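Asker: Next input, structure requested:
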Amino acid sequence: MEPREVSGFEALAAWLHPTVFDAVMALLKDRDAAMDVTHEAILALRKQPDVVRSKFAVRWAIVVARNRALDWLRAQRARPTTDATDFEAVPSKIAEPLAVLADRERRQFTLLLLEQLM
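Answerer: Residues are numbered from 1 along each chain as shown. Predicted coordinates for the structure are as follows:
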């Protein structure tokens with residue numbers, strides 16, 4: 001297998017990745033999410049050839065990554081979460097209406113029996 005030539009952007013991406021990843025990881029504290037956000041930010045840099053050629057490429061990539069990490073955090077906060085206590089509460093939320101229904105049916109059945117006795 002022949003070694004392939006690395007493009008200028010690939011070299012820049014490889015050089016930027018650890019720096020951007022560290023900045024994102026500090027915000028997210030989630031390795032998988034930090035990897036995703038880092039890749040998104042570096043790919044966004046590819047769409048900005050003027051920035052790639054400037055001395056601000058690192059700063060720009062970190063700012064983009066930070067903004068995307070903050071968006072990720074906001075999205076996580078907006079999503080409802082469930083934990084074990086939520087599932088433990090389900091039976092009581094279901095049982096209460098069923099108990100009311102059972103009481104109502106028992107009352108109706110008792111009234112029906114009383115009517116038949118009279």
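Asker: show me where pLDDT drops low in the chain?
Answerer: Within the chain, the stretches with pLDDT under 70 are 1-6, 81-106, 109-114, 117-118.
Asker: Now do the strands in it.
Answerer: Remark: no strands are assigned in the chain by DSSP state E.
Asker: just the helices in the protein please.
Answerer: Using DSSP state H, the helices of the chain run over 8-28, 31-46, 49-52, 57-78, 84-117.
Asker: Next, the angle from the fourth one to helix 31-46.
Answerer: Using axes from the mean of the first three to the mean of the last three Cα atoms, to 10 degrees, the inter-axis angle of helix 57-78 relative to helix 31-46 is 130 degrees.
Asker: which parts of helix 57-78 are buried?
Answerer: Buried residues in helix 57-78, counted by 16 or more other Cβ atoms under 10 Å: 57, 60-62, 64-66, 68-69, 72. All C-beta spots, glycine's among them, are computed from the backbone N, C-alpha and C.
Asker: out of the residues you listed, who's nearest Leu28?
Answerer: Ala69 (5.4 Å; Cβ to Cβ).
Asker: give me every residue that touches the closest one.
Answerer: Ala69 is in contact with 24, 27-28, 33-34, 37, counting by Cβ atoms under 8 Å, 6 or more residues apart in numbering.
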